[in-house]
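Colleague: turn this into a structure:
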Amino acid sequence: MAQKTLQRSLNKPKTSPRNRRKDLAAPFLMHTHAAVKTMMAATETLPDFRKTPSELETDEKIQLVRQGMLLMRDNYVHLPLKENMHAVRPVQALSLLLQKLESSEDDMSDLEFHAEMLRIFTSVRDLHTNYFLPAPYNAKTAYVPFLLESYFEGGERRYLVSHLVAGLDQPPFGPGVEVTSWNGAPIDLAVATNATRFAGSNAEARRARGLERMTIRPLIQSLPPDEDFVLVGYRTADGTEHEIRLNWLVFTPDASGALVAQMEEVSGNAFAMGVDIDGQLAGIAKKMLFAPSVVAAEAAVRAAKPSRRRNVSAGGAVPSSMPSVLHAKTVETAAGEIGHIRIHTFSVDDADAFVAEFVRLAALLPQNGLVIDVRGNGGGLIYAGERLLQVLTPQPIETERTQFINTALNLDIVRKNAPSSSVIGLDLAPWRASMEESISTGAVYSRSYPITEVETANGIGQRYQGPVVLITDAKCYSTTDIFAAGFQDHDIGPIIGVDGNTGAGGANVWTHSLLRRLAGRGGPYAGLPGGANMRVAIRRTLRVKERSGTPVEDLGVQPDFLHNPTRADLLDGNVDLIEFAASKLAELPTRVLRGEIVSQSAGDLVLSITTENLARVDVYLDNRPIGALDVEDGDTELTIEDVGAFDTLYLQGFDGDELAAAWRIKS
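Modeller: A predicted model of the protein is given here:
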């Protein structure tokens, strides 16, 4: 029989009761990485954190409930869908809460109030539609000092410790041990129970979020854990069973405060966002806790002069000016060298700069195959995701279309912002006519129009011509859902999922602050007391091409191939996942189409064209067809006579009748 032992955490007090709280939080954190040491030193235990004062008056609670009702009833685009798919009535639930607060018998504490608001908003299972807790919660993250992940062995899901917070040294507990129980419950049951507390819109998303929140819990839309510590049962490689008690700890991850503050800002990109804030905060916390060397490398990039940032490598990747966003590297596989680009987030200030940096990095990688990995990407700027698609395909991009739900308040906002005088670039005029028609027709939704203009989604065209695969998981959300849907709808390449679905966040999200600005003076939106905040899914996204009109919300994007993560994936840099992706790339043809102007004189233009695995090239000048030529692999010289002034020379390469590659040359 395997021996069972009980380990005590390094959090165990070692001095007098007077110093107990300090010692509970501090010992192993003294040995964390220099890049995060100052931040980690401010870690608190849950008992200490709970003593932080937070108090709302009854009239402030009433104000919050009324504003929540307004968003749900008059702005929330998915309300009919959610009421039917999940059998919930959030507006009625808020109405009952309001009635309770307005009664003279109300004795609801702040914690009880926040818990009820979170329950109601979470019931719609929409990570775009949120009640955000006020300070002291919103910039804090609670954590247990290890990362729990799942893998498959013999068709059975198992759980292991993949990372420890630096400084935590309690052998045999460490990376690779299999977790079997959680506070006395079987680990599968504990994860399933935790999944019900979070707003994943489909079963895969709920399970993925439930697993991640076992040890990483941003407190912006989740109250602190009920328990002060967890008792983790685990098994080592020799089959010996152990238990370890670890305290929940609370800290403020670097950049989390700035992310929270951004929700109050109304910038030119505020109306074009699709992002899971909770997921972003969890990602920031994981990087601080488990990848502090990456934090240090990113700091070095930021400290470098802008002209030299591309010379600084972050985390062993190809040097990038956006190390927090893009991580590019060459990978050796059984099928040969391939390129790998991890897109951590689409939350960027400049979509065009993001696309340009992606193009630059991709050009430095092998051109025979590229893996794009968006696992855990909670979204960001919709423009960034949709403008990237053109780089990967010769096909013209059709951007996703979006709809408002028809309400009097939404119509008023559209009328006042067609175009907007308060938000740069916002013009809701396309939606106006159909929303006005709905007054007489009773249509539930407006007609659909894109957020990303088709011209900008096709402005530079294809830049990577090798085969591409996309890797997704159930934590892909919002703009990442939109990107994955566009990738699939345009047949860019196969999608490999480590889960059976993406997170299914199919909407454009607007904050309460933005809605208040757009409604203008005299509008129904009022300031939110106590530092609390809210936001709502305002425009739902619809897929294009063969799946035209299918909503992304709740349904998500299902992969073409499923890869069950292995133990080696979790402990050895996704080695099996990358090999699987490389095998799919190897099945796809590699095409090459390049063009270069050799000379231009006396109205004649001499063009050198390089091709591979193409049979024909069509030539266009500023969208005017000039002619077509049959080609073989190698270089072909083409002379075009009597060429006047032009802006763009456009080449299209065909394999049979299939448009297989494209290339643009600016004059």
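Colleague: and the residue positioned nearest the centre of the chain, how close does it get to Val230?
Modeller: The chain has Gly378 as the residue nearest its centroid, 1.4 Å off, counting by C-alpha atoms, centre = their mean. Distance from Gly378 to Val230, counting by C-beta to C-beta, to the nearest Å: 25 Å. Glycine gets a C-beta too; all of them are placed from N, C-alpha and C.
Colleague: grab the nearest non-local neighbour of Leu71.
Modeller: Nearest non-adjacent residue to Leu71, counting by C-beta to C-beta, 6 or more residues apart in numbering: Val536, 4.4 Å away.
Colleague: neighbours around the one you found, how many?
Modeller: Using other C-beta atoms under 10 Å, Val536 has 26 other residues around it.
Colleague: give the helix, strand or coil label for it.
Modeller: Under DSSP: H, G, I helix; E, B strand; the rest coil, Val536 falls in the strand class.
Colleague: Ile424 too?
Modeller: Per three-state DSSP, Ile424 ends up coil.
Colleague: so it is in contact with Gly268, correct?
Modeller: Yes: Ile424 is within contact range of Gly268, at 3.7 Å (criterion: C-beta atoms under 8 Å).
Colleague: what residues are up against Glu83?
Modeller: Arg89 (C-beta atoms under 8 Å, 6 or more residues apart in numbering).
Colleague: could you number the chain from 11 rather than 1 from now on?
Modeller: In the new numbering, first residue 11, that becomes Glu93.
Colleague: need phi/psi at it.
Modeller: phi -60, psi -40 (degrees, to the nearest 10).
Colleague: how close does it sit to Ser357?
Modeller: From Glu93 to Ser357 the distance is 30 Å (C-beta to C-beta).
Colleague: and Asp248, by the same measure?
Modeller: In terms of C-beta to C-beta, Asp248 sits 44 Å off from Ser357.
Colleague: more neighbours: which of these two?
Modeller: Ser357 (23 against 8).
Colleague: wait, doesn't that one sit right on Asn387?
Modeller: No: assessed by C-beta under 8 Å, Ser357 is found out of contact with Asn387, at 9.3 Å.
Colleague: can you list residues touching both of the two?
Modeller: By C-beta under 8 Å, 6+ apart, no residue touches both Ser357 and Asn387.
Colleague: ok, how many other residues are close to Ser431?
Modeller: There are 10 residues near Ser431, going by other C-beta under 10 Å.
Colleague: quick one: secondary structure of it?
Modeller: coil.
Colleague: do Leu81 as well
Modeller: helix.
Colleague: that's a helix at Tyr244, yeah?
Modeller: No: read with three-state DSSP, Tyr244 is strand and lies in no helix.
Colleague: show me the contacts for the closest residue to Gly243 other than its chain neighbours.
Modeller: Leaving aside its sequence neighbours, Gly243 sits nearest to Ser191 (C-beta to C-beta, 6+ apart; 3.4 Å). By C-beta under 8 Å, 6+ apart, the residues touching Ser191 are 197, 200, 241-243.
Colleague: pick out the most distant pair among the residues you listed.
Modeller: Farthest apart among these by C-beta to C-beta are Ile197 and Leu241. That separation is 11.9 Å.
Colleague: which one's more surrounded, the two?
Modeller: Taking neighbours as other C-beta under 10 Å, Ile197 and Leu241 compare with Ile197 leading, 22 against 16.
Colleague: surely that one meets Thr190?
Modeller: Yes: using C-beta under 8 Å, Ile197 is in contact with Thr190, at 5.8 Å.
Colleague: now list whatever residues contact both of the two.
Modeller: Between them, Ile197 and Thr190 share the contacting residues 169, 243, judged by C-beta under 8 Å, 6+ apart.
Colleague: where exactly do the strands run in the stretch 361-510 of the chain?
Modeller: Using DSSP state E, counting those that start in this stretch, the strands of the stretch 361-510 of the chain run over residues 380-383, 389-391, 411-413, 459-460, 478-482, 505-507.
Colleague: other SSEs contacting the second one?
Modeller: If I follow you right, that is strand 389-391. In terms of contacts (3 or more C-beta pairs under 8 Å, 6 or more residues apart in numbering; DSSP states H and E), strand 389-391 is packed against strand 283-285, helix 489-499.
Colleague: isn't Arg549 right up against Ile461?
Modeller: Yes: in this structure, Arg549 is within contact of Ile461 by C-beta under 8 Å, at 7.2 Å.
Colleague: and these two? which has more neighbours close in?
Modeller: Remark: of Arg549 and Ile461, Arg549 carries more neighbours, 27 against 19, as counted by other C-beta under 10 Å.
Colleague: so the more buried one bridges to which residues?
Modeller: Beta-bridge pairing of Arg549, defined through DSSP bridges, involves Asn518.
Colleague: ok, it to Gly349 distance?
Modeller: Counting by C-beta to C-beta, the gap between Arg549 and Gly349 amounts to 34 Å.
Colleague: that older thread, hey, which of the strands of the stretch 361-510 of the chain is tucked in deepest?
Modeller: Across those, averaging neighbours per residue (mean count of other C-beta atoms under 10 Å) puts strand 389-391 on top, at a mean of 28.
Colleague: distance from it to the middle of the chain?
Modeller: 7 Å (C-alpha atoms, centre = their mean, to the nearest Å).
Colleague: kindly report the same for stretch 661-672.
Modeller: The chain centre lies 33 Å from the centre of stretch 661-672; the measure is C-alpha atoms, centre = their mean.
Colleague: what's it in contact with?
Modeller: Contacts for stretch 661-672 (C-beta under 8 Å, 6+ apart): 404-405, 471-472, 475, 599, 601-603, 605, 619, 621, 623-630, 641, 660, 673-675.
Colleague: repeat that for 7 Å
Modeller: Here stretch 661-672 makes contact (C-beta atoms under 7 Å, 6 or more residues apart in numbering) with 404-405, 471-472, 475, 601, 603, 605, 619, 621, 623-629, 673.
Colleague: ok, Lys61 - contacts?
Modeller: Contacts of Lys61 by C-beta under 7 Å, 6+ apart: none found.
Colleague: what pLDDT does it get?
Modeller: Looking at Lys61, its pLDDT is 87.
Colleague: and what of the one 4 residues further on?
Modeller: Taken from the predicted model, the pLDDT recorded for Glu65 is 83.
Colleague: ok, now Pro23?
Modeller: According to the model, Pro23 carries a pLDDT of 37.
Colleague: hang on, the residue nearest to Gly243 in a helix?
Modeller: No: Ser191: not assigned to a helix; according to three-state DSSP it is strand.
Colleague: measure it to Arg207 for me?
Modeller: Relative to Arg207, and taking C-beta to C-beta, Ser191 is found at 19 Å.
Colleague: wait, what's in contact with the closest residue to His41 other than its chain neighbours?
Modeller: In space, and not counting its chain neighbours, His41 is closest to Gly177: 3.2 Å by C-beta to C-beta, 6+ apart. Each residue near Gly177 by C-beta under 7 Å, 6+ apart is listed here: 38-42.
Colleague: tabulate those (JSON lines), appending secondary structure.
Modeller: Formatted as JSON lines, the contacts of Gly177 follow (three-state DSSP):
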{"residue": "Phe38", "secondary structure": "helix"}
{"residue": "Leu39", "secondary structure": "helix"}
{"residue": "Met40", "secondary structure": "helix"}
{"residue": "His41", "secondary structure": "helix"}
{"residue": "Thr42", "secondary structure": "coil"}
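Colleague: of those residues, just say which sits nearest to Thr412.
Modeller: Thr42 (43.9 Å).
Colleague: what sits against that closest one?
Modeller: For Thr42, counting by C-beta under 7 Å, 6+ apart, the contacting residues are 50, 175-177, 302.
Colleague: which ChimeraX command selects the buried ones in those residues?
Modeller: Command for ChimeraX that selects the buried part of the contacts of Thr42, burial taken from 16 or more other C-beta atoms under 10 Å:
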select :50,175,176,177,302
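Colleague: between the contacts of Thr42, which is nearest Val653?
Modeller: Pro302 (57.0 Å).
Colleague: let me see the backbone angles for the closest one.
Modeller: phi -60, psi -20.
Colleague: which residues of the stretch 11-160 of the chain fall in strands?
Modeller: 14-17, 54-55, 140-142, 151-153, 156-163.
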